[in-house]
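Asks: any chance you can model this:
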Amino acid sequence: MEKLFHLKENNTNVSTEVMAGITTFMTMAYILAVNPNIMSAAGMDRGAVFTATALSAAIGTLLMAGLANYPFVLAPGMGLNAYFAYTVVGAMGYSWQIALAAVFCEGIVFIILSLTSVREAIFNAIPMTLKHAVSAGIGLFIAFIGLQNAKIVIANESTLLGMYSFKSALANGEMRSIGITVLLALAGTLITGIFVIRGIKGNILWGILITWLLGIVCQMTGLYVPNADLGMYSLLPDFSGGIQVPGLAATFGQVFKANPKDLMSVNFVIVLFAFLFVDLFDTLGTLIGVSSKADMLDENGKLPKIKGALLADAAATTAGAVLGTSTVTTFVESASGVSEGGRTGLTSVTAAILFGLSVFLSPVFLAIPSFATAPALIVVGFLMMGSVMKIDFNDAAEAVPAFLCIMAMPFLYSISEGISFGVISYVILNTAAGKAKEKKISLLMYILAVVFILKYILI
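Replies: Purely as a prediction, here's the structure:
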């Protein structure tokens, strides 16, 4: 283990790394249930997508461990899968084979960009202040995702967003389904918080498991009643069909059966660029945020071995398209493992093994409810917010762009939009204030600002 992962050099040990890997997997396990549901809306076989999701996550994460020795875990990304199913296939009318072809081509382009150091150059061009802001912004973003997953925060006509109403739950008969899960998520957040305060090892993982166990107790005692119409299912693993692996035949290799004429259209290029753009900056944002949280950046704000990390991400996207799933990307939930002390590829290998095993034990992992992982996301959000203290708020030229970057991520529901706001505002504000030379803004930052502005105009 020492020879493979350099544990002592990274001030960690096997038990810490394994616990971190388990924690990251448990925090990400929801993707095994969510991604097949979303992709099935595009007409794809749900079982095949489940297997493709698990295998692509395992392959991509092993590549991350082998090429970079980092504790980052990959899987088909949220947001990009929705764009795949609801926009490219649903609204634009393309077949899901064409959408997979766009993902495959995106991966090939990313491999080329990674090998030529273009993505690495972009990472290094972003100022350290914005890197801290990205970390804090991601913290708010994933905490918001946790609140949504648990339905603590819901849509509200008058205020756009609001807290779930227990009064309405009692009136509508939802108290034994959605209402109780909201209470369980809130209780799980407090339990996890207590574990964090007391310094209990594996606090986030224990928070997930205890919240899930409390849910099972509620189901067994009748306090929680599964209601499929509300998206609330049994919390007990269902092995009635035995242990079986859903086949890949319905999706594997379908990327190569796309109509060549569709691949030559202008709209296909636009779809390809959209996948490329969002994935590029979501991945960079995640690497910046999580590596900053783990103190992996050097004194110049650079991430050593980033080329290997980016190459793993790109290769995983290509492999995922062949297997039959949407863009595979570095998951922001990797921060949960980092918060548990994960610092090397052993964390990734542990998570990859669990993703591989999930193919055989799908009833167990599909039974982990979103309200049980929500506390983990909320607490990890708190831990990542610590990066905001590294921003110099006495220097408005640094603080204002950082604030806009942080604000945009949860409010616009996008890591890449937060980076866009941060880069554009950093360049414009410092240039207009005559601080461009003082801040040593690179040429690439100017180019990025122009590209981001053009994106809003043209796309």
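Asks: low-scoring pLDDT stretches of the stretch 351-459 of the chain, where are they?
Replies: 459 (pLDDT under 70).
Asks: swap in the stretch 1-150 of the chain?
Replies: Those would be 79, if you go by pLDDT under 70 across the stretch 1-150 of the chain.
Asks: what's the next secondary structure element after the helix or strand hosting Val269?
Replies: If you go by DSSP states H and E, Val269 is part of helix 266-293. Following helix 266-293 in sequence order, the next helix or strand is helix 306-323 (DSSP H and E).
Asks: who does that following helix touch, helix- and strand-wise?
Replies: helix 46-68, strand 74-76, helix 96-115, helix 118-125, helix 266-293, strand 328-330 (3 or more C-beta pairs under 8 Å, 6 or more residues apart in numbering; DSSP states H and E). All C-beta spots, glycine's among them, are computed from the backbone N, C-alpha and C.
Asks: which parts of the helix holding Val269 are buried?
Replies: In terms of neighbour count (16 or more other C-beta atoms under 10 Å), helix 266-293 has its buried residues at 268, 271-293.
Asks: same deal with stretch 346-366?
Replies: 346-356, 358-359, 362-363, 365-366.
Asks: contacts for it, please.
Replies: Applying C-beta atoms under 8 Å, 6 or more residues apart in numbering, the contact partners of stretch 346-366 are 1, 4-5, 7, 14, 17-18, 20-22, 24-25, 28-29, 32-33, 50-51, 54-55, 57-59, 61-62, 64-65, 70-73, 75, 237-239, 241, 243, 245-246, 337.
Asks: now it: how far from the chain's centre is it?
Replies: 17 Å (C-alpha atoms, centre = their mean, to the nearest Å).
Asks: now do stretch 192-211
Replies: For stretch 192-211, the distance to the chain centre is 21 Å (C-alpha atoms, centre = their mean).
Asks: and it, what's its mean pLDDT?
Replies: Across stretch 192-211, pLDDT averages out at 87.
Asks: straight-line length of it, end to end?
Replies: 9 Å (C-alpha to C-alpha, to the nearest Å).
Asks: buried residues, stretch 158-174. List them.
Replies: By 16+ other C-beta under 10 Å, the buried positions in stretch 158-174 come out as Tyr164, Ala169, Glu174.
Asks: adding secondary structure and pLDDT, write those out as TSV.
Replies: Listed next are the buried residues of stretch 158-174 as TSV, based on DSSP: H, G, I helix; E, B strand; the rest coil; pLDDT from 0 to 100:
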residue	secondary structure	pLDDT
Tyr164	coil	91
Ala169	helix	85
Glu174	coil	83
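Asks: return the member of those residues nearest to Ala258.
Replies: The closest of these to Ala258 turns out to be Tyr164 (C-beta to C-beta; 42.4 Å).
Asks: from Ser240, how far off is the closest one?
Replies: Distance, Tyr164 to Ser240, by C-beta to C-beta, to the nearest Å: 32 Å.
Asks: swap in Leu429?
Replies: Taking C-beta to C-beta, one finds Leu429 at 60 Å from Ser240.
Asks: between those two, which is the more surrounded one?
Replies: When Leu429 and Ser240 are compared for neighbours, Leu429 comes out ahead with 18 against 6, by other C-beta atoms under 10 Å.
Asks: now the helices for the stretch 301-450 of the chain?
Replies: 306-323, 334-339, 345-358, 362-366, 370-384, 396-412, 415-432, 436-439, 443-458 (DSSP state H, counting those that start in this stretch).
Asks: can I get those in CSV with distance to Asn203?
Replies: Listed next are the helices of the stretch 301-450 of the chain as CSV, based on distance: least, C-beta to C-beta, whole Å:
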stretch, distance to Asn203
helix 306-323, 27
helix 334-339, 9
helix 345-358, 16
helix 362-366, 21
helix 370-384, 8
helix 396-412, 24
helix 415-432, 25
helix 436-439, 39
helix 443-458, 38
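Asks: which of the ones you listed sits closest to Leu209?
Replies: helix 370-384 (7.8 Å).
Asks: tell me the contacts of the residue positioned nearest the centre of the chain?
Replies: Closest residue to the average C-alpha location of the chain: Phe331 at 3.4 Å, with C-alpha atoms, centre = their mean. By C-beta under 8 Å, 6+ apart, the residues touching Phe331 are Thr24, Met28, Ile31, Phe72, Val73, Leu74, Ala75, Gly77, Thr286.
Asks: rerun at 10 Å
Replies: Contact partners of Phe331, counting by C-beta atoms under 10 Å, 6 or more residues apart in numbering, are 24, 27-28, 31, 57, 60-61, 72-78, 142, 282-283, 286, 290, 337, 351.
Asks: now swap in Ala315 and tell me
Replies: Ile59, Gly60, Leu63, Met64, Leu67, Leu74, Gly107, Ile108, Phe110, Ile111, Ser114, Val328.
Asks: so who does the fifth one touch?
Replies: Remark: with contacts taken as C-beta under 10 Å, 6+ apart, Leu67 is in contact with Ser114, Lys305, Lys307, Gly308, Ala309, Leu310, Leu311, Ala312, Asp313, Ala315, Gly345.
Asks: mind running it again at 7 Å?
Replies: The neighbourhood of Leu67, defined by C-beta atoms under 7 Å, 6 or more residues apart in numbering, consists of Gly308, Leu311, Ala312.
Asks: same question, the last one
Replies: Neighbour list for Val328: Ser56, Gly60, Leu74, Ala75, Pro76, Ala316, Thr317, Gly320 [criterion: C-beta under 7 Å, 6+ apart].
Asks: just give me the neighbour total for the fifth one.
Replies: As a burial measure, the neighbour count of Pro76 was computed by other C-beta under 10 Å and equals 32.
Asks: so how far is Ile415 from it?
Replies: Here the criterion is C-beta to C-beta. By it, Pro76 lies 16 Å from Ile415.
Asks: list the residues that contact the residue nearest to Val379 when sequence neighbours are not counted.
Replies: Counting by C-beta to C-beta, 6 or more residues apart in numbering, Val379 lies nearest to Thr192, which is 4.8 Å off, once chain neighbours are set aside. Neighbouring residues of Thr192 by C-beta under 7 Å, 6+ apart: Asn203, Ile204, Gly207, Pro375, Ala376, Val379.
Asks: now Thr192: which helix or strand?
Replies: Using DSSP H and E, Thr192 falls in helix 180-198.
Asks: what do you get for Ile204?
Replies: Assigned by DSSP H and E, Ile204 falls in helix 203-221.
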